[in-house]
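S.K.: Here is the input, now give the coordinates:
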Amino acid sequence: MIKAVAFLARKPELTHAEFVEYYENNHAKLIRSLLPQIGEYRRNYLVRDSRLGADGAPDPDFDVVSEFVFADRAAYDDMLATHARPEVAAAIEADEEKFLDRSRNRMYIVETHES
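M.R.: Residues are numbered from 1 along each chain as shown. Sure thing, here's the model as predicted:
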């Protein structure tokens, strides 16, 4: 299994509710249709007034943590190859421009440990 997490930020002119509504009803469906290699796809929306942590710690600069789970490295690499196709990349980018502040977005592969 390979898991990637993306920290995504909404456009400042969108409310939290508008952001969630667009992501769930438009973008998530687009991603599912264009990138079938993704096995599990979760969106974890930040609840801003629920922070626990050190006094003075900076507020997060993202609104959702999206999780993408792939069966194996080959599925992940195949997704990257699909995403690199010009027509796929253009469709995803055009949709992201509608609701994401793309300058603050980032994605990482993570190791998952459970206890």
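
S.K.: Can you tell me the SS state at the most centrally placed residue in the chain?
M.R.: In the chain, the centroid-proximal residue (C-alpha atoms, centre = their mean) is residue 66; its distance is 3.7 Å. With DSSP: H, G, I helix; E, B strand; the rest coil as the basis, residue 66 sits in strand.

S.K.: State the helix or strand in which the residue located most distally from the centre of the chain lies.
M.R.: In the chain, counting by C-alpha atoms, centre = their mean, residue 55 sits farthest out from the average C-alpha position, at 27.8 Å. Using DSSP states H and E, residue 55 sits within no helix or strand.

S.K.: And the pLDDT for it?
M.R.: Per-residue pLDDT puts residue 55 at 80.

S.K.: how near is it to residue 31?
M.R.: 38 Å (C-beta to C-beta, to the nearest Å). All C-beta atoms are positioned from the backbone trio N, CA, C, and that covers glycine.
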